[in-house]
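**Q** What follows is a predicted structure for the sequence shown.
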Amino acid sequence: MKQPKADGRTDMKCYLKGVFRIAVLLLTTFMVLMGCGNSDHVSVENDVVIMYTPSDAAESITSNASESEESITKSSESAGTNQSDLSETVGNTVANQGDKVRIIMAGDILLHERVSDSGAMPDGTYNYNHLFANLKQEITSADLALVNQEVILGGREIGLSGYPSFNGAYEVGDALVEAGFDVVLHATNHALDRGKNGLLNCISYWKTAHPDIGVLGIQESKEEQEAVYVKEVNGIRIAILNYTYGTNGIPLPSDMPFAVNLLDKARVAADVEKAKESAEFIIVCPHWGTEYIHSISDYQREWAEYFASLGVNLVLGTHPHVIEPVEWIGQENGNGGTLVYYSIGNFINATNENGSGVGDRMLGALAEVTIQRNRDGLVTITDYGVLPTVTHLKTGSGQITTYKLRDYTEELALENEILNQDSGFSYQYCVELCREVFGALYTE
C-alpha cells in the first residue's frame, strides 16, 4: 500500500477528488431534471423556449472534469488547501470555465428573380448552396450563426416571385441549414408578401424539414409569439428577439394578429423582461431604418436607446440593404452599454435598379461578436468586428454568389454584372465605402 507523504497531501488530493466528483454528479443530475437530457434538447420554462446545443450538457461536463480536477489538485498542493479554500476554488472554477461564444450574423437574403433563378439546376432540381459556398467556413466555425431571411419561403407550389411581392423556394432554407446557420430571422417587411398562405407554408416547412433550427419573428399561435427564444451555447444562455417596423402596409391576418412580430415598445419590454428570467445575454434583431441610406435614422436612434434602457446587450439590425455604422450606446447607464450594428446590408441580392450608388447594395458584412463569462460570472462582449462581403452578380445556374471582400479582386469586380447598372462599382470602391462607414472597425 502506498504510504501518504509526510505533509498529508495525498489524503487531501483524494478528498478533493471525491468532493469534485460528487459536485459533478449533482450538477449533471440537476441538468437532466431541468430538461438537458431530452433527446431533442428543448425545454419550455415560464414561456421561454430553451434550445440546448447537444454538446453543451454531458459532453462539456465530461470534457472539463479532468481539467478542473487537475486544476483544483494543483491549487491545493501549492497552497495547503483547507475546507474554506476548497469552497472558494470550486466556486471560481464553476464560474470561470472559459464559457465563450463566437456569434456571427449575415444580412439580408434577398431573393430577386436572378437569385431565385440561379437555384434552378440543369437536371430540374433546385439547389442554392452556391450562394454561401465562399463563406461556409466562417459560418460553420461560429458557435452561433444568425441570418436575416428577408423574404418568405412559401415554396414553388405557390409560384416563385421577386420584387415587389417575394416568395422563395424551400431549397433556400435547405441551403441556409447546409451553410451552418442556427437561427433564421423572418420578421421583415416582406413577411406577408404572399399573404397568410405563404406565411403558413413557410412556418410548416421549417417545422417539418428543419425542426432544430430556431425560426424567429413569425408564428402561427399566440403561445408561440409569447414564448421567448433562448439558446444555450457553451454554457451561456442567449435570448434572441426579432421584430420588424411593418409589413409594407399589408395588414396582419384578422385571425392571426400574432403572425409577425412588430416593433412595439410594450411588447419588446415584456419580452426583454421575460428573457432576463432565463438568459444571461440578450440580442435584439430589429428590421428598421431607411433603405439605401448609410446614415442612422432618428427612428433607429430612438429604438436603439430604448433597447439600451431595457438592458439589451447586442442589437443586430437589417433592412436598409446597405451597410451602416456600428457603435456603443447607453454606457453611461452603468450596465456596460449596448453594442449596436445599425445595418449589416445585403448578404445576397440582384437589384434591377440602375444608377449611381446602386452598387452599394452589393456590399454587406457579417457581424462578428465574441461574448464570454468573466470572473464575476457575468457574460460580456469581449471582442467585435465586421467581415465585409460582396455579392458577385452573374447570370446562370449556380453562378451568383457572395465573397469575402478580402478575397475579392479588381478582376472579379470587372466581371460583376452590377457594372451594367452602376458603372462606378469596383473593388476599390467597396474598400473605400467600408472605411467610410465602419471606420477603424474595418481592417483589410
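**A** Received the coordinates, thanks.

**Q** Can you tell me the strand partners of whichever strand or helix holds Val147 and which way each runs?
**A** Secondary-structure assignment from DSSP states H and E places Val147 in strand 144-148. Paired neighbours of strand 144-148 in the sheet (DSSP bridges): strand 100-109 (parallel), strand 183-185 (parallel).

**Q** now what about that strand, what contacts it?
**A** With CB atoms under 8 Å, 6 or more residues apart in numbering as the contact definition, strand 144-148 has outside contacts at 101-109, 139, 176, 180-185, 188, 231, 233, 238, 240, 283, 285, 287, 316, 318, 347. Every residue, glycine included, has its C-beta placed from N, CA and C.

**Q** most residues in a single strand of this protein, which one?
**A** strand 379-392 (DSSP state E).

**Q** returning to that earlier point: what's the closest of the strands paired with strand 144-148 to Ile400?
**A** When the strands paired with strand 144-148 are compared for distance to Ile400 using CB to CB, the nearest one is strand 100-109, at 12.0 Å.

**Q** where do the helices sit along the stretch 301-444 of the chain?
**A** Counting by DSSP state H, counting those that start in this stretch, the segments of the stretch 301-444 of the chain that form helices are 410-415, 427-438.

**Q** What is the first one packed up against?
**A** Using 3 or more CB pairs under 8 Å, 6 or more residues apart in numbering; DSSP states H and E as the contact criterion, the elements in contact with helix 410-415 are strand 379-392, helix 427-438.

**Q** most packed of the ones you listed?
**A** Ranked by mean neighbour count under mean count of other CB atoms under 10 Å, the helices and strands packed on helix 410-415 are led by strand 379-392, which reaches a mean of 20.

**Q** Now do the contacts for Ala142.
**A** Ala142 makes contacts with 102-104, 180, as judged by CB under 8 Å, 6+ apart.

**Q** Go again with 6 Å.
**A** 102, 104 (CB atoms under 6 Å, 6 or more residues apart in numbering).

**Q** Am I right that Ile203 is in a helix?
**A** Yes. Remark: Ile203 belongs to a helix, assigned using DSSP: H, G, I helix; E, B strand; the rest coil.

**Q** re the thing from before, among the helices and strands packed on helix 410-415, which is nearest Ile203?
**A** In terms of CB to CB, the element of these nearest to Ile203 is strand 379-392, at 27.7 Å.

**Q** circling back: take the strands paired with strand 144-148 and write them to TSV, including distance to Ala308.
**A** Below are those laid out as TSV (distance: least, CB to CB, whole Å):
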stretch	distance to Ala308
strand 100-109	18
strand 183-185	20
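
**Q** In CSV, list the ones you listed along with mean pLDDT and mean neighbour count.
**A** CSV is the format used below for the strands paired with strand 144-148 (pLDDT from 0 to 100; neighbours: other CB atoms under 10 Å):
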stretch, mean pLDDT, mean neighbour count
strand 100-109, 98, 25
strand 183-185, 99, 26
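
**Q** tally of neighbours for Asn197?
**A** The local packing of Asn197 (other CB atoms under 10 Å) involves 14 other residues.

**Q** looking at the sheet around the residue nearest the centre of the chain, what are its partners?
**A** The residue lying closest to the centre of the chain (CA atoms, centre = their mean) is Leu146, at 2.8 Å. Per DSSP bridges, residues listed as beta-bridge partners of Leu146: Met105, Val183.

**Q** Please report how far it lies from Leu160.
**A** In this structure, Leu146 and Leu160 are separated by 25 Å, where distance is defined by CB to CB, to the nearest Å.

**Q** With Leu378 instead?
**A** For Leu378, the distance to Leu160 - CB to CB - is 47 Å.

**Q** Compare these two and say which is more crowded by neighbours.
**A** Each of Leu378 and Leu160 had its neighbours counted (other CB under 10 Å), and the higher figure belongs to Leu160 (20 against 12).

**Q** Give the phi and psi angles for the residue nearest to Cys434 when sequence neighbours are not counted, as a check.
**A** For Cys434, the nearest residue in space outside its immediate sequence neighbours is Tyr442; the separation is 4.4 Å by CB to CB, 6 or more residues apart in numbering. Torsion angles at Tyr442 (phi, psi; degrees, to the nearest 10) stand at phi -90, psi 120.

**Q** still on that earlier bit, give me the distance between the residue nearest to the centre of the chain and Asp422.
**A** 29 Å.

**Q** which residues touch Ala169?
**A** 126, 156, 160.

**Q** Can you show me the helices along the stretch 151-300 of the chain?
**A** Applying DSSP H, counting those that start in this stretch to the stretch 151-300 of the chain gives helices spanning 170-179, 195-209, 222-226, 265-278, 298-310.

**Q** so where is this structure shaky, pLDDT-wise?
**A** For the chain, residues meeting the criterion pLDDT under 70 lie at 1-98, 332-335.

**Q** Can you show me the CA trace of the strand holding Val147 as PDB?
**A** C-alpha atoms of strand 144-148 as PDB (Å, rounded to 0.1, in the frame of the first residue of the first chain):
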ATOM      1  CA  LEU A 144     -23.900  30.700 -33.000                       C
ATOM      2  CA  ALA A 145     -24.800  31.800 -36.600                       C
ATOM      3  CA  LEU A 146     -27.800  34.000 -37.400                       C
ATOM      4  CA  VAL A 147     -29.200  35.100 -40.700                       C
ATOM      5  CA  ASN A 148     -31.900  37.500 -41.900                       C
END
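
**Q** Nearest to Val115, out of the contacts of Ala169: which one, please.
**A** Using CB to CB, these come closest to Val115 at Leu160, 10.3 Å.

**Q** Tell me if I'm right that the closest one and Arg114 touch.
**A** No. Counting by CB atoms under 6 Å, no contact exists between Leu160 and Arg114, whose distance comes to 11.9 Å.

**Q** give me the number of residues near Arg361?
**A** Other residues near Arg361 come to 27 when the count uses other CB under 10 Å.

**Q** separation between it and Asn352?
**A** Between Arg361 and Asn352 the distance is 11 Å, computed by CB to CB.

**Q** Can you give me every residue that contacts the closest residue to Thr140 other than its chain neighbours?
**A** Among residues not flanking Thr140 along the chain, Gly180 sits closest, at 3.6 Å (CB to CB, 6+ apart). Listed by CB under 6 Å, 6+ apart, the contact set of Gly180 reads 139-140, 145.

**Q** For ChimeraX, write a command that selects the buried ones of those.
**A** The ChimeraX command for the buried members of these (criterion: 16 or more other CB atoms under 10 Å) is given here:
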select :139,145
